[in-house]
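A.B. asks: below is the sequence, then the predicted model.
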Amino acid sequence: MTRPETSAGKRIAIIAHGHPDFSLGGAEIAAYNLYLAYRDHPEIESAVFLAAHRRPGEGPTNMITPRRPGEYLWSREMIDWHMFKGFNRLQANQRFAAWLEMVRPDIVHVHHYAHMGIEMFDTIRKTCPDTQIILTLHEYQAICKNHGQMVKTGEGTRLCLRESLEDCHRCFPSLSREDFWLRKNFIQTHFSVIDGFVAPSDFLRQRYVDWGIPDDRITTIENGQILNAPTPHREAGPGGARNRFGFFGQLNPFKGIDVMLEALAITIEQDAAPVQLEVHGANLEMQAPEFIEKILALRDKLLPTGRLQWHGPYEQENLAARMRNIDWVVMPSIWWENSPMVIQEAYMHRRPVIASNIGGMAEKTATGTPETHVEPRSPLALAEAMTTLAADTALWEENVARIPPPLTNTDSAAAHLAWFGEMAR
């Protein structure tokens, strides 16, 4: 078999660490959206989607079973998150190799190795030696052991600019510098069989170049959206007020929900513009007890003021309805982020975004006015930004006009196929 120089008439396998039927993370949605675009692309002969999945109460069986035509679930789990080794690797990779032989892909586009195991890349290369392997890097897990956040452990959760053996050892004193050297070498060895890499943001791309991926083997391609009709903006309040802010996403320490609630409390204490906040979030119950206690205390203090509405989790099909009464979307994350799905969804519905002015968030909201870019981890800075924006209708109108058109999944697929061709040449 000769490695393809173009993607015309090729078979593509997309592999992700979760299926959006069961896991609504941004990477899972981005992978599935791309699969749908590949599947319908006139130059692609066939596309299949394989996602890791474990049924509740069931251990990993390593079986690969059909979900629907062209889609498969792989019952997998990790046994070593430090080195990203999968559970029962011999049996799992035998079944994975059999699946590869069945679908016979010319291109394997992987969107994560979590849950499945990093050894999957060697299995692809050995089973399909002429197949092109591409990996999209959705966060910083290969660089950072701390959940791929590039945030230091301990009090203060300071941001980390780069990986170093000394800094990693300080974050995890039980592991030696040699342990982290072995981890990096192990991951890079498995990455060496990959033909090309994709980063959804320039910020993430540069972090991986600094870490060791050759500059000419990694490109930036934004995650594509399946576009829906934008939800109409609500009727403005008295005096044209645009004072309704919305938080969407995971309720965990890295997403800054505590910063958001503390900022709302400041606006109330200062008797500033009547800022209203809606929280649409999930998985608070899965966080550390002290964080849950902190958030519930803030919530319970604010609910009686009438300025906070706590709506809880939502499904993707409910997003448009949840956006209906929102003027601004707020993303106060305290870590770098990459290409947050929340920002893309807000722009699709023509809602301007206020975000921490760091990493992928700063990059994706660059078209906004200066007032929408906020110092991270600062409730006071966020309160001042919301007060200013709520009091000035012209700023809302200007920021709506500045919203860039979101990239469609079809356009993203075309950009990926062009990159595959370039890597093949």
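C.D. replies: Everything's here; your move.
A.B. asks: and the strands in the stretch 151-300 of the chain?
C.D. replies: 196-199, 218-220, 244-250, 276-282 (DSSP state E, counting those that start in this stretch).
A.B. asks: direction included, what does the first one pair against?
C.D. replies: Think strand 196-199. Using DSSP bridges, strand 196-199 pairs in its sheet with strand 132-136 (parallel), strand 218-220 (parallel).
A.B. asks: the first one: which residues count as buried?
C.D. replies: Neighbour counts over strand 132-136 (16 or more other Cβ atoms under 10 Å) mark Gln132, Ile133, Ile134, Leu135, Thr136 as buried. To be clear about C-beta, it is placed using only N, CA and C from the backbone, and glycine gets the same treatment.
A.B. asks: show me the shaky parts of this protein.
C.D. replies: The chain contains residues with pLDDT under 70 at 1-8, 155-156.
A.B. asks: let me see the domain layout of it.
C.D. replies: For the chain, the domain assignment from automatic domain parsing gives the residue ranges 10-224+408-424, 238-402.
A.B. asks: next, count neighbours for the residue nearest to Leu73 when sequence neighbours are not counted.
C.D. replies: With Cβ to Cβ, 6 or more residues apart in numbering as the criterion, Leu73 has its nearest non-adjacent residue at 4.3 Å, and that residue is His53. Applying other Cβ atoms under 10 Å, we find 21 residues neighbouring His53.
A.B. asks: could you dump the domains of the chain to TSV with distance to Thr231?
C.D. replies: As requested, the domains of the chain are arranged in TSV below (distance: least, Cβ to Cβ, whole Å):
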stretch	distance to Thr231
domain 10-224+408-424	18
domain 238-402	5
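A.B. asks: could you pull up phi and psi at the residue nearest to Leu73?
C.D. replies: phi -160, psi 140 (degrees, to the nearest 10).
A.B. asks: on the three-state scheme, Tyr32 is what?
C.D. replies: Under the three-state scheme (DSSP: H, G, I helix; E, B strand; the rest coil), Tyr32 adopts helix.
A.B. asks: is it in contact with Gly18, as I believe?
C.D. replies: No. Assessed by Cβ atoms under 8 Å, Tyr32 is found out of contact with Gly18, at 9.3 Å.
A.B. asks: circling back: out of the strands of the stretch 151-300 of the chain, flag the one nearest Ser174.
C.D. replies: Each of those has some distance to Ser174 by Cβ to Cβ; the shortest is strand 244-250, at 27.4 Å.
A.B. asks: and the closest one, what's buried?
C.D. replies: Here strand 244-250 shows Arg244, Phe245, Gly246, Phe247, Phe248, Gly249, Gln250 as buried, counting by 16+ other Cβ under 10 Å.
A.B. asks: and that strand, which strands flank it?
C.D. replies: strand 276-282 (parallel), strand 328-331 (parallel).
A.B. asks: quick one: closest of those strands to Thr408.
C.D. replies: Closest approach to Thr408 among the strands paired with strand 244-250 (Cβ to Cβ): strand 328-331, 20.1 Å.
A.B. asks: ok, residues contacting the closest one?
C.D. replies: Strand 328-331 is contacted by residues 242, 244-249, 256, 260, 277, 337, 340, 342-343, 346, 351-356, 361, 382, 386, 389, 396 when judged by Cβ atoms under 8 Å, 6 or more residues apart in numbering.
A.B. asks: which SSE is immediately downstream of that strand?
C.D. replies: The C-terminal neighbour of strand 328-331 among helices and strands, as given by DSSP states H and E, is helix 341-348.
A.B. asks: report the separation between the closest residue to Ala92 other than its chain neighbours and Met120.
C.D. replies: Of all residues beyond its chain neighbours, the one nearest Ala92 is Asn62 (4.1 Å), with distances taken as Cβ to Cβ, 6+ apart. Look at Asn62 and Met120: by Cβ to Cβ, to the nearest Å, they are 12 Å apart.
A.B. asks: so these two - more neighbours on which side?
C.D. replies: Per other Cβ under 10 Å, whichever of Asn62 and Met120 has more neighbours is Met120, with 26 against 20.
A.B. asks: touching, the more buried one and Phe96? I think so.
C.D. replies: Yes. Using Cβ under 8 Å, Met120 is in contact with Phe96, at 6.5 Å.
A.B. asks: by contact count, what packs against the helix or strand containing Leu302?
C.D. replies: Taking DSSP H and E as the criterion, Leu302 maps to helix 289-302. Helices and strands touching helix 289-302, by 3 or more Cβ pairs under 8 Å, 6 or more residues apart in numbering; DSSP states H and E, are helix 257-269, strand 308-310.
A.B. asks: indicate which one of these is closest to Ile295.
C.D. replies: Taking Cβ to Cβ, helix 257-269 is the member of those nearest to Ile295, at 6.2 Å.
A.B. asks: and that closest one, what does it pack onto?
C.D. replies: strand 276-282, helix 289-302, helix 379-391.
A.B. asks: buried stuff in the longest strand seen in the chain?
C.D. replies: Determined from DSSP state E, the single longest strand within the chain is strand 44-52. Going by neighbour count (16+ other Cβ under 10 Å), the buried part of strand 44-52 is Ile44, Ser46, Ala47, Val48, Phe49, Leu50, Ala51, Ala52.
A.B. asks: for the residue in the chain sticking out farthest from the centre, which non-adjacent residue is closest in space?
C.D. replies: Largest separation from the mean C-alpha position in the chain: Gly239, at 37.6 Å (Cα atoms, centre = their mean). Nearest non-adjacent residue to Gly239, counting by Cβ to Cβ, 6+ apart: Thr393, 7.7 Å away.
A.B. asks: pretty sure that neighbour contacts His233?
C.D. replies: No. In this structure, Thr393 is not within contact of His233 by Cβ under 8 Å, at 11.9 Å.
A.B. asks: and of the strands paired with strand 244-250, who's closest to Arg217?
C.D. replies: Closest approach to Arg217 among the strands paired with strand 244-250 (Cβ to Cβ): strand 328-331, 30.3 Å.
A.B. asks: what sits against Arg95?
C.D. replies: Contacts of Arg95 by Cβ under 8 Å, 6+ apart are Asn62, Met63, Ile64.
A.B. asks: let's see it at 10 Å
C.D. replies: Contacts for Arg95 (Cβ atoms under 10 Å, 6 or more residues apart in numbering) come out as Thr61, Asn62, Met63, Ile64, Trp74, Ser75, Arg76, Thr123.
A.B. asks: circling back: who touches both of Thr393 and His233?
C.D. replies: Common neighbours of Thr393 and His233 (Cβ under 10 Å, 6+ apart) are Arg242, Asp327.
A.B. asks: done for today, thanks.
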